[in-house]
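>>> Can you look at this prediction? I've put the sequence above it.
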Amino acid sequence: ESVGYKMKIDLHCHTKKVKKGDAPTRTVTPELFSEKVQKANVELVAITNHNAYDFSQYQELKDLGVCKVWPGIELDAKAKRNGKLFHILIVCDPRKENEFYRAVSKILGSEDPNTFCTDIQTIVSVFESLEVIYIPHYADKSKAISEEDRLLLAAAIPEERLFLEPRNLRTLGIRAFS
């Protein structure tokens, strides 16, 4: 009989106050990050701040060595048909961290995180060569992807790289522990 190994992961971790309305407690110090990750026994975290990617903070948190840290971002996107806003997480293999940084810089440009918005076609065209994981908010979650856009995304990428995030998915929530 073999014993299974369970790994706690958090692929939706905010570490900075980026947009208006974000709580000031969202910005975490390396010490708080380390403490909360260890307390929750999380072994892998993707840093996914809203419409912003801080490569130096990613490096700093990764270099703490308390867990595996993957680069990521949460983007605001518009539905194809009705223009309704939805959120989508993009998470990348850390072995491609430099390419991810270049892709994020390309898609964000110099836009303000508060007003930035893109679409599925742009997201896929910018990130697809990196073989990222796509995790849109889904179903009953706030800022969920429409069914039409989910199907559009599913048709554009391999199915093993699409995960859907419903409201009841449990996450680390570093700021919630503060």
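Done, it's in.
>>> show me the contacts for the closest residue to residue 145 other than its chain neighbours.
The shortest distance from residue 145 to any non-neighbouring residue, by CB to CB, 6 or more residues apart in numbering, is to residue 136 (3.9 Å). C-betas here are computed from N, CA, C, even on glycine. By CB atoms under 8 Å, 6 or more residues apart in numbering, the contact list for residue 136 reads 86-89, 144-145, 149-150, 153, 164-165.
>>> Next, format these as JSON lines and append distance to residue 6, secondary structure and pLDDT.
Below are these laid out as JSON lines (distance: CB to CB, whole Å; DSSP: H, G, I helix; E, B strand; the rest coil; pLDDT from 0 to 100):
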{"residue": "86", "distance to residue 6": "30", "secondary structure": "strand", "pLDDT": "96"}
{"residue": "87", "distance to residue 6": "27", "secondary structure": "strand", "pLDDT": "95"}
{"residue": "88", "distance to residue 6": "27", "secondary structure": "strand", "pLDDT": "97"}
{"residue": "89", "distance to residue 6": "22", "secondary structure": "strand", "pLDDT": "97"}
{"residue": "144", "distance to residue 6": "28", "secondary structure": "coil", "pLDDT": "91"}
{"residue": "145", "distance to residue 6": "28", "secondary structure": "coil", "pLDDT": "94"}
{"residue": "149", "distance to residue 6": "32", "secondary structure": "helix", "pLDDT": "93"}
{"residue": "150", "distance to residue 6": "28", "secondary structure": "helix", "pLDDT": "93"}
{"residue": "153", "distance to residue 6": "29", "secondary structure": "helix", "pLDDT": "95"}
{"residue": "164", "distance to residue 6": "21", "secondary structure": "coil", "pLDDT": "89"}
{"residue": "165", "distance to residue 6": "20", "secondary structure": "strand", "pLDDT": "82"}
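>>> neighbour-wise, which of those residues leads?
Most neighbours among the contacts of residue 136, by other CB atoms under 10 Å: residue 145, with 26 neighbours.
>>> Thought residue 86 was touching it, still the case?
Yes - with contact defined as CB atoms under 8 Å, residue 145 reaches residue 86; the gap is 4.5 Å.
>>> rewinding a little: and the gap between the residue nearest to residue 145 and residue 88?
Between residue 136 and residue 88 the computed distance is 4 Å (CB to CB, to the nearest Å).
>>> Now do the shared contacts for the two.
residue 145.
>>> quick one: average confidence on the host helix or strand of the residue nearest to residue 145?
With elements taken from DSSP states H and E, the one containing residue 136 is strand 133-136. Averaging pLDDT along strand 133-136 yields 95.
>>> just stretch 24-34 next, same as before
So the average pLDDT for stretch 24-34 ends up being 92.
>>> For it, buried residues please.
26-28, 32-34 (16 or more other CB atoms under 10 Å).
>>> From the opening residue of that stretch to its closing one, how far?
Terminal residues of stretch 24-34 lie 18 Å apart, using CA to CA, to the nearest Å.
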